[in-house]
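> Fold the following for me, if possible:
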Amino acid sequence: MTPAEIGEAIGVPRPTAYRLVSGLNAIELTQTLPDGTVDLNLRWLHLADAAYDSMTEWAGAHVALEALSAETEQTAYLVRPRAGEAVCIDWSQGRGIGVLMLRPGLSLPFACWRGRRTMLA
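Predicted structure coming up:
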């Protein structure tokens, strides 16, 4: 998208969108391509990895999720509540067919998620 299209999509004035894109370009989180569109830089992935690694309260959770999914053969999720939703922090794939693929960072309303009773407990 161009900065003008971004501004329209997020509901900010066009000059604000250009200023935001310029700032993101300056810190190398985006880059403006020759056709005027804005592209995300891979630096976002490094920031996301660093943020995840800094969450020490969940250190060791993945090992526990893997053990749980190996024992039960079900997919195990580490989720936290947020405004009526379950937000996935981490998961370990089970052996079941048709498994819900809730990935880290994604969320589901409690009403759509099987583990809602466990979460509420």
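> quick one: least confident helix or strand in the chain?
The weakest-scoring helix or strand in the chain, judged by mean pLDDT, DSSP states H and E, is helix 116-120 (a mean of 54).
> Number of residues surrounding the nearest residue to T30 once chain neighbours are set aside?
Closest residue to T30 apart from its sequence neighbours, by CB to CB, 6 or more residues apart in numbering: L24 at 4.1 Å. Using the backbone N, CA and C atoms, a C-beta is placed for each residue, glycine as well. The number of residues packed around L24, counting by other CB atoms under 10 Å, is 18.
> Quick one: classify L24 as helix, strand or coil.
Under DSSP: H, G, I helix; E, B strand; the rest coil, L24 falls in the helix class.
> mind checking how far it is from T16?
13 Å (CB to CB, to the nearest Å).
> same question, V38
Taking CB to CB, one finds V38 at 14 Å from T16.
> Looking at these two, which is more packed in?
Set side by side, V38 and T16 show more neighbours around V38, with 18 against 14, by other CB under 10 Å.
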